[in-house]
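>>> Here is my input; please provide its structure:
(4 chains)
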4 protein chains.
Amino acid sequence: MKVTVWTENVQEKQDYVKKVYPDGIGGEIAKFLSEEDDIEAKWVTLDMPECGLDDETLDNTDVLFWWGHCAHDKVPDEVVKKVQERVLLGMGLVVLHSGHHSKIFRALMGTTCSLRWRDHEFERVWNMAPYHPIAKGIPAMFELEDEEMYGEFFDIPKPDDVVFGGWFDGGEIFRSGVTFTRGAGKIFYFQPGHETNTAYYNPYVRQILKNAARWAACVTPRTRLDCPHDSRTTNAIRESGEEIQGF
Amino acid sequence: MKVTVWTENVQEKQDYVKKVYPDGIGGEIAKFLSEEDDIEAKWVTLDMPECGLDDETLDNTDVLFWWGHCAHDKVPDEVVKKVQERVLLGMGLVVLHSGHHSKIFRALMGTTCSLRWRDHEFERVWNMAPYHPIAKGIPAMFELEDEEMYGEFFDIPKPDDVVFGGWFDGGEIFRSGVTFTRGAGKIFYFQPGHETNTAYYNPYVRQILKNAARWAACVTPRTRLDCPHDSRTTNAIRESGEEIQGF
Amino acid sequence: MKVTVWTENVQEKQDYVKKVYPDGIGGEIAKFLSEEDDIEAKWVTLDMPECGLDDETLDNTDVLFWWGHCAHDKVPDEVVKKVQERVLLGMGLVVLHSGHHSKIFRALMGTTCSLRWRDHEFERVWNMAPYHPIAKGIPAMFELEDEEMYGEFFDIPKPDDVVFGGWFDGGEIFRSGVTFTRGAGKIFYFQPGHETNTAYYNPYVRQILKNAARWAACVTPRTRLDCPHDSRTTNAIRESGEEIQGF
Amino acid sequence: MKVTVWTENVQEKQDYVKKVYPDGIGGEIAKFLSEEDDIEAKWVTLDMPECGLDDETLDNTDVLFWWGHCAHDKVPDEVVKKVQERVLLGMGLVVLHSGHHSKIFRALMGTTCSLRWRDHEFERVWNMAPYHPIAKGIPAMFELEDEEMYGEFFDIPKPDDVVFGGWFDGGEIFRSGVTFTRGAGKIFYFQPGHETNTAYYNPYVRQILKNAARWAACVTPRTRLDCPHDSRTTNAIRESGEEIQGF
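You can find the predicted model right below:
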């Protein structure tokens, strides 16, 4: 399967992030995803032509990972619209950390996706859905020594599954791993991954993101987003021996 | 409670609709809702200043009803954004029939809200959630002699509740009454209500829309849509005797 | 509305509980619920005839509160079956604290309802669904100085709403307030309420339980639990002018 | 993966069923499932020792299929309890047609699972979740010329997904394919499959049941159903270098 990892690559060019992720956040994620035989991952960035999301790239993307933070507004609305349509047609989407406030995630959720936040906190991530493919191989709880605190109320629609829940030393909780379905597309949001912390080196985080890539891959792509219309009834269409138009 | 009924009022000015709804679709809905002692309903339209949705009107709206069809694109994006924010802050929203393709419904759902359709069909509406406040007083099934067929696949996120299901004589089914929560706002979508049919005179449809108005009224309004931030932990804030910032 | 508060009244007779709840846990709950003009609450116990749940009592119960701990197995299966049927017919049910392991809650959930636990912990209760009627009047967070820790994984079916989330000082999180629908009945489970702690004197806990009583009251009672059968089609029944049998 | 197909095998011994399913309903299902390279299916019946569900058989079952009709009450409660525990520990369960009223399905649902019914009807099955693995390869709609009508209201808890919806010529609709999660176990209920009809020869029905077997296979088995307890906090356990007990 083909994964495209999109990051805005703004803070990633600065020394304070480079010392944590010398290959870039997106580079690091693409690297560890590609360790898997069945995953081929490529890193693209905001400063590329068409924000790195030209049609050829999207045609070759089963699942898109998205990490953005300070440049959400730099992503043109038409790119957001194109990506949203791809998701509705069946492309998987994994939204990471500060991507909660990205245009694409907000467009797909319909809410503000706002949350409580604070830098530098010890986090425990609890496994709340051991039945879920994304939780495969993850223990009852794992820890992140230093992560950005994201706390409730998290303004998202009710998720299909709350796979992980965060406990923060300072007193907060969070739905840290949540899934959604939109059209033919599957979406996973995962809270850890602040630019100055080391979450993407954590073996459990890596396992979760590998699981997420496989889970989010499309089952059955749609071929259209408009409204099928036929002036004949389904009964009449079928009597004539024709098939019913799909999705 | 205060209900504002918004309709685009385009086809409603034409004779073929006027002969069914001489007071306009919105006028008729506002009239029957206002029969209830606890509901005060007002009709506003697209051709009014600010599309009838100025701040004073919205400040006096507990629940907004929305009927549009051929002029979805005439609603400016900034009006859509304003209404969406009101919903997230707690205003109820009842989206009617062809409003499935309105900008506001699509913005709140994040999907295309596309569906299969065909004019003039006999419909049975089955009560699939007798436990739900919107189904209060509605029998196991009721009929609409002539209604527009809307059929699956309906491209919406998973609803909180599927309250009503439609059976169409021509061979289709539909999730005809569905609820959603977005932020502090409650949303109900209801399929019957084509401009040349008489659904809004049906006593069960009227009961459903009265129930929906009461159900969608805000429980606890939010006061902000951004992300609360404090550099102190919740533990530290509380030790200092302060309250935690709300939503 | 009429509330019946059932408790097993075993530990409640012992001094170590009596010094916290001199009127019994059930007595205290019935007392504060009855402060509301629209609520009339009565306390019944396991040691009464028919476990306090005779038909006359249940006929006069809109919402049943349930607190049990060490005597779950003393409740006869036929009483559990009777209460379960009442819930499916429309009686509301509020299950408190250690009632998570009661026969009635497990029968309605279909799962073990097991959870992680430990005595004596500081808890923060976060408001995760400010839109929900049960959260009305509850701030973003409130605290319980000393409560029993219940932690994830909580083996329940996916709730309709997770209204409250618990943060525990010792490192755990929990879905502390969750709602379910079963048949025509609404169910709320609420985690605080250990027999040696003072949760039921906390003003927010009291508000939540008053809200829950009102929310859980039946909207439309069912009249049967079996399968409606007619050898005629719905089309044929309706052509004959008859109504369709209900639920 | 290993599938065990359980049927009660009572009507299956009678000529009126044998002429449709000469190898038994369970035999036919086991046969077509076994056509797949990755599925090894075996048929067991009520009249075998321990109802065909001895520990060795269950130890070698990834997914259990269940077809029963007139002998639900013949399945002993202890067998139901054992199967329920296996599901909660991670065994998949596919409940077929009249199995809606089986003890095992009702125990896992907590509701009556009652529904409206009538023999001999033309059914259309609509694909309502093209994104779901169980819908893979299934078109927008397919037909069953003669099937038992099951109609709403279907007294089940809210499903995780409504994958298929049934339209019946006589005027009814039904949630014909629904999924649930209980503990670590995944459950799929599928409505077609009356003993005198030919649903299990339909290529789409076969595809759906093959998909369901793969979907329902356990991701992560649980090892316990009781409540993990440690008198030490999670913080203290972790400081001592120990792992947290799982589910």
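
>>> In space, what's closest to A:Phe153 - neighbours in sequence excluded?
Of all residues not flanking A:Phe153 in the chain, B:Phe247 sits nearest, at 4.6 Å (Cβ to Cβ, 6 or more residues apart in numbering or on different chains). Using the backbone N, CA and C atoms, a C-beta is placed for each residue, glycine as well.

>>> show me what contacts that neighbour?
Contacts for B:Phe247 (Cβ atoms under 8 Å, 6 or more residues apart in numbering or on different chains) come out as A:153, A:155, B:184, B:222-224, B:228, C:127, C:130, C:140.

>>> try it again with 6 Å
By Cβ atoms under 6 Å, 6 or more residues apart in numbering or on different chains, the contact set of B:Phe247 is A:153, B:222, C:130.

>>> now those residues as TSV including neighbour count, pLDDT and secondary structure?
Formatted as TSV, these follow (neighbours: other Cβ atoms under 10 Å in any protein chain shown; pLDDT from 0 to 100; DSSP: H, G, I helix; E, B strand; the rest coil):
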residue	neighbour count	pLDDT	secondary structure
A:Phe153	24	97	coil
B:Arg222	20	92	coil
C:Pro130	23	91	coil
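
>>> From chain C, how far out is the most centrally placed residue in chain A?
Centroid check for chain A by Cα atoms, centre = their mean gives A:Val94 as the closest residue, at 1.4 Å. Going from A:Val94 to chain C by Cβ to the nearest Cβ, to the nearest Å gives 22 Å.

>>> in which helix or strand would I find that residue?
Element membership of A:Val94, judged by DSSP states H and E, is strand A:92-96.

>>> That strand pairs with which strands?
Its sheet considered, strand A:92-96 pairs with strand A:63-67 (parallel), strand A:185-190 (parallel) by DSSP bridges.

>>> can you pull the pLDDT of A:Glu148?
At A:Glu148, the pLDDT value in this model is 98.

>>> meant to ask about A:Gly246
A:Gly246 is given a pLDDT of 88.

>>> what does A:Trp215 give?
The model reports A:Trp215 with a pLDDT of 98.

>>> May I ask which helix or strand encompasses it?
helix A:203-216.

>>> can you tell if the helix or strand that that helix is followed by touches chain B?
On the C-terminal side of helix A:203-216, the nearest following helix or strand under DSSP H and E is helix A:234-239. Yes - Helix A:234-239 comes into contact with chain B (Cβ under 6 Å from any Cβ of the partner chain), by way of A:234-235.

>>> ditto for stretch A:102-117
Yes - among the residues of stretch A:102-117, A:108-112, A:114-117 lie within reach of chain B under Cβ under 6 Å from any Cβ.

>>> looking at these, which has the most residues close by?
The most crowded member of these, judged by other Cβ atoms under 10 Å in any protein chain shown, is A:Leu108 (28 neighbours).

>>> Return the residues in contact with that residue.
Applying Cβ under 6 Å, 6+ apart, the residues near A:Leu108 are A:182, B:110.

>>> ok, now the one 4 residues further on?
Neighbour list for A:Thr112: A:155, B:225 [criterion: Cβ under 6 Å, 6+ apart].

>>> Kindly recompute the last result at 8 Å.
Contact analysis of A:Thr112 by Cβ under 8 Å, 6+ apart lists A:106, A:155, B:88, B:183, B:225-226.

>>> now A:Val95
For A:Val95, counting by Cβ under 8 Å, 6+ apart, the contacting residues are A:66, A:102, A:104-105, A:187-190.

>>> now A:Gln191
A:Gln191 neighbours (Cβ under 8 Å, 6+ apart): A:97, A:100, A:150, A:164, A:166, A:174, A:176-177.

>>> Please list which of those residues also come close to chain C.
Near chain C, judged by Cβ under 8 Å from any Cβ of the partner chain, the entries from the contacts of A:Gln191 are A:Gly166.

>>> tell me which of the contacts of A:Gln191 is nearest to C:Thr61?
A:Phe174 (38.0 Å; Cβ to Cβ).

>>> May I see the contacts of A:Gln191 organised as TSV, with neighbour count added?
Below are those laid out as TSV (neighbours: other Cβ atoms under 10 Å in any protein chain shown):
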residue	neighbour count
A:His97	24
A:His100	25
A:Tyr150	26
A:Phe164	27
A:Gly166	25
A:Phe174	28
A:Ser176	27
A:Gly177	28
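
>>> Farthest pair within the contacts of A:Gln191?
Within the contacts of A:Gln191, A:His100 and A:Phe164 form the most distant pair, 14.3 Å apart (Cβ to Cβ).

>>> Chain C contacts on chain A?
Contact residues, chain A versus chain C (Cβ under 8 Å from any Cβ): A:124, A:126-128, A:130, A:140, A:151-153, A:158, A:161-162, A:165-168, A:171-173.
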